Structures are given as C-alpha cells and as structure tokens.
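1. Provide a 3D model corresponding to the input given below.
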Amino acid sequence: MTTQTKAATDTFDLTLTRVFKAPRHLVFQMWADSEHKSQWWRPKTFTLVDSAENFRPGGDWMSIMEAPSGNRYRMEGTYKEIIENELIVFSHHWFEDGQRGPATLITVTFEDVADSTRLTFTQALIGNEADRNDQQNGWNEFLDMLDATLTDAS
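-> Numbering: from 1, shown residues only. Okay, the predicted model is just below:
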C-alpha cells in the first residue's frame with residue numbers, strides 16, 4: 001500500500017476576510033467558548049445538534065449539524081495552536097458515509113481595526129476546486145452567523 005501526500009502547491013486554499021464591529025477579545029471568545037460557539041457554528045438554515053470542545057493545543061473538537069432535509073453532517077479536528085485574541089489553528093475533517101475525509105488545516109487570525117476586528121480565515125490543503133467552492137459557501141454562512149450573533153450581543 002502506498003501513501004500519497006499532497007504538496008501545498010497541489011491544493012486549493014481558501015481565504016476569507018471579515019471585519020466585525022466588535023472588540024477583538026469578544027470575537028476571539030466566540031470561537032474559544034463553547035457556549036458562544038454553539039450560537040453560530042453552522043450554516044444559516046442548519047441546526048447544531050451536538051458538539052464537543054477541548055479548546056487547548058492538542059485538544060479535539062467535534063460538531064454535528066442537521067440540514068433542513070434531516071441529513072446530518074459531522075466534522076471534527078484537533079487544535080494545533082492557540083494564541084489568545086490573536087490566532088487559532090486547527091485541523092478539520094468531514095465525515096461522510098462513516099468515513100473520515102482528508103484533513104485540511106484552518107488558521108484564524110484576529111486583528112484590531114479601529115473599533116472593529118478583522119478576522120482572516122484560511123483553509124489550506126483542500127483537494128480540489130469544487131471542494132474549495134463548497135467550503136467557501138459554507139464558511140461564509142458560518143461567518144454570517146457569527147456576525148449576527150455578535151450584533152445580537154451588542
């Protein structure tokens with residue numbers, strides 16, 4: 001059996017940038033605190049039905065979302081690096097048909113911009129353009145939900 005590893009140049013990375021009208025520590029806490037995260041960690045029309053967080057380097061995370069159709073989607077990973085109010089790096093896997101999909105690496109940075117926070121979300125090691133486009137649509141909806149949750153918290 002041969003194991004193949006994709007080089008970074010063979011992947012389709014995704015970068016999204018948003019500016020949230022909220023202080024950096026609050027935007028970071030929305031990712032770090034499981035109670036906050038449960039309010040927005042899903043696309044708009046989905047329901048978060050289960051999640052587990054161990055927010056520390058080496059800690060695992062998992063969530064299961066349900067679509068309006070009733071289909072459930074599981075994703076999970078491991079936190080690689082955390083710098084409070086600045087950086088979160090974690091692996092991300094989808095589960096489909098009981099099988100763990102290939103790992104991607106997500107990096108989220110937080111920067112002060114006047115009275116707001118610039119969040120930059122990068123997902124690396126995506127295997128093809130179609131998957132990148134699907135990921136882009138989904139993560140944009142996650143970030144829309146984060147924005148709505150931050151607005152409600154203000």
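
2. Counting by contacts, list what the lowest-mean-pLDDT helix or strand in the chain packs against.
-> Least confident element among the helices and strands of the chain, by mean pLDDT, DSSP states H and E: strand 99-100 (a mean of 86). Helices and strands touching strand 99-100, as assessed by 3 or more Cβ pairs under 8 Å, 6 or more residues apart in numbering; DSSP states H and E, are absent. Glycine gets a C-beta too; all of them are placed from N, C-alpha and C.

3. Adjacent strands (with direction) for that strand?
-> Strand pairing for strand 99-100, determined by DSSP bridges: strand 87-96 (antiparallel).

4. Endpoint to endpoint, stretch 113-127 covers what distance?
-> From its first residue to its last, stretch 113-127 covers 33 Å (Cα to Cα, to the nearest Å).

5. Would you mind listing the buried residues in it?
-> 116-119, 121-126 (16 or more other Cβ atoms under 10 Å).

6. CA-only coordinates of the longest strand seen in the chain in PDB, if you can.
-> Looking across the chain with DSSP state E, the single longest strand is strand 72-83. Extracted in PDB, the C-alpha atoms of strand 72-83 (Å, rounded to 0.1, in the frame of the first residue of the first chain):
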ATOM      1  CA  ARG A  72     -26.600  15.200   9.400                       C
ATOM      2  CA  TYR A  73     -23.000  16.300   8.800                       C
ATOM      3  CA  ARG A  74     -20.200  15.600  11.200                       C
ATOM      4  CA  MET A  75     -16.900  17.500  11.300                       C
ATOM      5  CA  GLU A  76     -14.000  17.300  13.700                       C
ATOM      6  CA  GLY A  77     -10.400  18.100  14.300                       C
ATOM      7  CA  THR A  78      -7.600  19.000  16.700                       C
ATOM      8  CA  TYR A  79      -6.400  22.400  17.900                       C
ATOM      9  CA  LYS A  80      -2.800  22.800  16.800                       C
ATOM     10  CA  GLU A  81      -2.000  26.300  18.100                       C
ATOM     11  CA  ILE A  82      -3.800  29.000  20.100                       C
ATOM     12  CA  ILE A  83      -2.700  32.500  21.000                       C
END
